[in-house]
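Asks: Give me a 3D structure for the following:
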Amino acid sequence: MPLVTADLTRLLRNRPELAVAPSLEVLERLLARPDLAIPVLLDLDADCHTVSQAIQAADGETTRAELAASLRDPGGRLDDVLGTLAGRGLIVLDGDAVRSPHPTGLWAYPFGLGRPLGAFTKKLTAEALKAMVKALGGHPQGRKADLVTQAEELLRDGASVRALAARLPGQASELLKTLVAGPPVLEQLYYGSSAHPVQRLVQAGFVVRDGWNYEMPREVALALRGDDWKPALTGQPDVPTGPRAESDGVAAALPAIDRVEALVELAATDPITELKSGGVGVRELKRVSKALGVPEQEAVLWLDIAYAADLLASESDERLVSTTLVDEWLARTPDARWRALADAWLRLPQAATYRVLGCCADHTELIPPPYEFECGAGRIRRAVLNVLRSLPSGLGTDAAGLRAPVGWRTRALADSAHAADEFVSAALREGELLGIVAGGALTRLGSALLSAPSSGSDLAGLFPTPSATATLQNDLTAIVSGLPAPDLAAFLNACADLESRDRASVWRFSEQSVRRALDGGADADTLLAGLARYSAKTIPQPLRYLVTDTARKHGTIKVAATPCVIIASDPAVIAELCGARALRKLSLRQIAPTVALGALPPEETLRLLRRSGHAPVAVSADGTIKAESARRRRLPVEAAYRHDDAASAATGILQGGKTSTTDEALAMAAVTGEVIVIVWRRREHYIEDLTIGGTVVSGYCHDCDADHSFERTEINKAYLL
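Replies: Numbers count the residues shown, from 1 in each chain. Okay, the predicted model is just below:
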């Protein structure tokens, strides 16, 4: 059945990576790849796994009625499960027909069952089939096909088969139980002795030999499991709950935004040093946690999130620096800023606050923050949130109560058994720090986050309207209720120091902070005009005096180059500077009553003079005062291209014309991660980690040992290795 726009839009919302497909033909090829489907299936619950196995057990094609007959479904969940699988491209629904797009299936042995007996017809000799029929109590006759039919008929008599199994000796009986439960294969083995348990099973007609392997046919296992055996759709296990006070989550979300803002500001002015092996070490992590005023475990969370949101990037694998995307992030509304952080957290494959060596089977080398590594924690996190989402309003649970329902929602819990409890606890802990979870229940922010598509949400109504004014007080503080507007925050950050941020933010003015604004090119009139514009009332007299007095003293000392010239309007000031022991490093030498020469560059001279309590300014070669802006580094990066508009992408795919081999190869590499060769300007580039953003193709080139970006129209040819 051809895809319609609504179905394709839903598919791309669930699997946005497929939006790079240039046409429906390429999309169908991507959907047919089991290696791409398996990770999607692993993110689904146990009932989805059960139905997926049932479809594969029916050789990939069945009907709703046949599925319903083969399963126990007391809760009537089958239609919902089929809708979930279809919405992710794991099955195709056409009326009553159900079909899998994966010919080889997604399960090695669905329900732990082997292949049907008919699959062994070509490999079994007529003599072997006769022995099987005889062992099962029949009278062999006819050709091979007839013998297979006879064996199948005998195996449908479950009571007779179970009676034969009851007569087996102890070891053979135990091996039989193991094979019945699955997996049904013993691989790469050879047993010559007829007394060996597996040979006893062959002689009894319960196991067939396939080369070096021994396999139990599907009909044998079904007969031994009992006539009433059927896989069941259970639904989510009950969650033990208790009453919880409802929370909007904003009280935690606002500090989360502030922590990340402080982190990227720190990385802009004082980059975070990385270890030689990569990542942030213990000593640097202590510095970061102290600067943010949070425990080290929490500091790791903000590092991981900021890096995942592309607000931090590594410069030459030596230091973490803020990126050019920070300014755009800071200019967003509070809900959009928080959404970017929450989405980054949801995508993390690891648990930021339980980042320990060996937490997963493949995590055998230390990977310090903020670098990602494959781990079951990400799937467990999403399962935890989905369980909490299913709870009625006003009820919550704890980590222990989440164990069973999370295990039903994701196999990652069983695969990460030794770290599962820690991963569940980490999901709750990190969710609370972000304002998504409170007291074992979703907050209103959390519910809106999980309910709304990434392109838009109802989050804006949950955050307070940013304050455009501040209350200036006689104690030289400015108080802003709620979240300050970006322009107000920028003004206060320039001339005051942020002391605290909670439901209200507090900035404190001081001579040093006002001097910082003056160094940046402001003057007393500009500052007072800004204070009047943002103040909710008249500027307090102490603050007005602070600004005017600091401005009056500002610039009484001037520092010029060649290598350094210090000029003062008062000869006594020059004499004082030349005799100050704290300024001996400058090696000052008075050459005129109001002029002295220094041995250090102007930048270092300014720093030492300010440390000694003076208020110097820098001057240009023409004698004019040079404004000093705060040195904030921004590492250039490109925003990750995300197909948030699934409807637009769906329309583009449906309207796509004939696809070139180059377009197909690029789309395949972008989704599968395969290495691709791109011919550009008559030269081949072996590209890994390919991404497609609009008309730009980017990736790491092995030949050049550098990242490359190509305009799609300039690529002559591309092919997969």
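Asks: where's residue 141 relative to residue 205, distance?
Replies: 16 Å (CB to CB, to the nearest Å). C-beta: built from backbone N, CA, C; applies to glycine.
Asks: what stretches of the chain score poorly on pLDDT?
Replies: 1-3, 188-194, 361-364, 452-458, 501-503, 555-562, 621-633, 637-645, 657-658 (pLDDT under 70).
Asks: Nearest to the spatial middle of it, which residue is it?
Replies: Central residue of the chain (CA atoms, centre = their mean): residue 347, 1.6 Å from the mean position.
Asks: Surely residue 332 is in contact with residue 326?
Replies: No. The criterion here is CB atoms under 8 Å, and residue 332 misses it with residue 326 at 10.9 Å.
Asks: more neighbours, these two?
Replies: Remark: of residue 332 and residue 326, residue 326 carries more neighbours, 25 against 13, as counted by other CB atoms under 10 Å.
Asks: picking that back up, of residue 141 and residue 205, which one has the most company?
Replies: Legend: neighbour count by other CB under 10 Å for residue 141 and residue 205, higher for residue 205 (24 against 10).
Asks: I'd assumed residue 314 was in a strand, is it?
Replies: Yes. Counting by DSSP: H, G, I helix; E, B strand; the rest coil, residue 314 is found in a strand.
Asks: what sits against it?
Replies: Neighbour list for residue 314: 274, 278, 320, 321 [criterion: CB atoms under 8 Å, 6 or more residues apart in numbering].
Asks: let's go with 6 Å and repeat that
Replies: residue 320 (CB atoms under 6 Å, 6 or more residues apart in numbering).
Asks: Check residue 31 too.
Replies: With CB under 6 Å, 6+ apart, residue 31 has these contacts: 89, 101.
Asks: which residues in the stretch 101-250 of the chain form strands?
Replies: 185-186, 208-210, 213-215, 242-243 (DSSP state E, counting those that start in this stretch).
Asks: Adding distance to residue 698, write those strands out as CSV.
Replies: Below are the strands of the stretch 101-250 of the chain laid out as CSV (distance: least, CB to CB, whole Å):
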stretch, distance to residue 698
strand 185-186, 44
strand 208-210, 47
strand 213-215, 45
strand 242-243, 50
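Asks: Quick one: closest of these to residue 315.
Replies: strand 242-243 (48.6 Å; CB to CB).
Asks: so what does that closest one touch, helix or strand wise?
Replies: Using 3 or more CB pairs under 6 Å, 6 or more residues apart in numbering; DSSP states H and E, no helix or strand is in contact with strand 242-243.
Asks: What pairs with it, parallel or antiparallel?
Replies: strand 395-396 (antiparallel) (DSSP bridges).
Asks: contacts for the partner strand?
Replies: 241, 244, 439, 440, 441.
Asks: Show me which pair in those residues is furthest apart.
Replies: Longest span within the contacts of strand 395-396, CB to CB: 241 and 439, 11.1 Å.
Asks: which residues touch residue 179?
Replies: residue 216 are the contacts of residue 179 under CB under 6 Å, 6+ apart.
Asks: and what of the one 3 residues further on?
Replies: Residues near residue 182 by CB under 6 Å, 6+ apart: 109, 112.
Asks: Distance-wise, check it relative to residue 224.
Replies: Taken as CB to CB, the span from residue 182 to residue 224 is 12 Å.
Asks: Repeat that for residue 484.
Replies: From residue 484 to residue 224 the distance is 70 Å (CB to CB).
Asks: Looking at the two, which has the bigger crowd around it?
Replies: residue 484 (26 against 21).
Asks: beta partners for that one?
Replies: Beta-bridge partners, per DSSP bridges, of residue 484: residue 467.
Asks: In this structure it contacts residue 467, no?
Replies: Yes. At 5.5 Å, residue 484 counts as touching residue 467 under the criterion of CB atoms under 6 Å.
Asks: how about the helix or strand encompassing residue 82: buried residues?
Replies: Using DSSP states H and E, residue 82 falls within helix 78-87. For helix 78-87, a neighbour-count test (16 or more other CB atoms under 10 Å) marks 78, 81, 82, 84, 85, 86, 87 as buried.
Asks: what's downstream of it, the next helix or strand?
Replies: Following helix 78-87 in sequence, per DSSP H and E, is strand 92-94.
Asks: just checking, what packs against the helix or strand following that following strand?
Replies: Counting by DSSP H and E, the next helix or strand C-terminal to strand 92-94 is strand 97-99. On a contact count with 3+ CB pairs under 6 Å, 6+ apart, strand 97-99 meets strand 61-63.
Asks: What strands flank the strand it packs on, and is each parallel or antiparallel?
Replies: Strand 61-63 has these strand partners (DSSP bridges): strand 97-99 (antiparallel).
Asks: Next up, the contacts around residue 670.
Replies: So residue 670 contacts 20, 690, 692 (CB under 6 Å, 6+ apart).
Asks: coming back round to it: name the surrounding residues that touch the helix holding residue 82.
Replies: 10, 14, 47, 48, 51, 68, 91, 93.
Asks: Just the buried subset of these, please.
Replies: Judged by 16+ other CB under 10 Å, buried ones among the contacts of helix 78-87: 10, 14, 47, 48, 51, 91, 93.
Asks: Which of the residues you listed sits closest to residue 566?
Replies: residue 14 (66.7 Å).
Asks: How about the closest one, nearest residue that isn't a chain neighbour?
Replies: Once flanking residues are discounted, residue 14 sits nearest to residue 88: 4.9 Å by CB to CB, 6 or more residues apart in numbering.
Asks: Kindly report the same for residue 649.
Replies: Closest to residue 649 by CB to CB, 6+ apart is residue 19, at 3.9 Å.
Asks: now residue 58
Replies: residue 66 (6.7 Å).
Asks: between the contacts of helix 78-87, which is closest to residue 172?
Replies: residue 51 (34.3 Å).
Asks: Let's verify the closest one: helix, strand, or coil?
Replies: Quick answer, by three-state DSSP: residue 51 is helix.
Asks: quick one: it and residue 73, what's the gap?
Replies: For residue 51, the distance to residue 73 - CB to CB - is 10 Å.
Asks: now residue 292
Replies: 51 Å.
Asks: Which helix runs longest in the chain?
Replies: helix 250-269 (DSSP state H).
Asks: Buried residues of that helix, list them for me.
Replies: Applying 16+ other CB under 10 Å to helix 250-269 flags 250, 252-268 as buried.
Asks: Same question for stretch 712-721.
Replies: Neighbour-count burial for stretch 712-721 flags 715, 718 (criterion: 16+ other CB under 10 Å).
Asks: Span of that stretch from start to end?
Replies: Terminal residues of stretch 712-721 lie 19 Å apart, using CA to CA, to the nearest Å.
Asks: quick check, distance from it to the centre of its chain.
Replies: Here stretch 712-721 is found 29 Å from its chain centre; the criterion is CA atoms, centre = their mean, to the nearest Å.
Asks: Now residue 499: which helix or strand?
Replies: strand 497-501.
Asks: List of residues touching the helix or strand just after that strand?
Replies: The first helix or strand that comes after strand 497-501 along the chain, using DSSP H and E, is strand 504-508. Here strand 504-508 makes contact (CB under 6 Å, 6+ apart) with 477, 478, 479, 480, 481, 484, 492, 496, 497, 498, 499, 500.
Asks: Show me the two of the residues you listed that sit farthest apart.
Replies: Comparing every pair within those by CB to CB identifies 481 and 497 as the most remote, at 18.9 Å.
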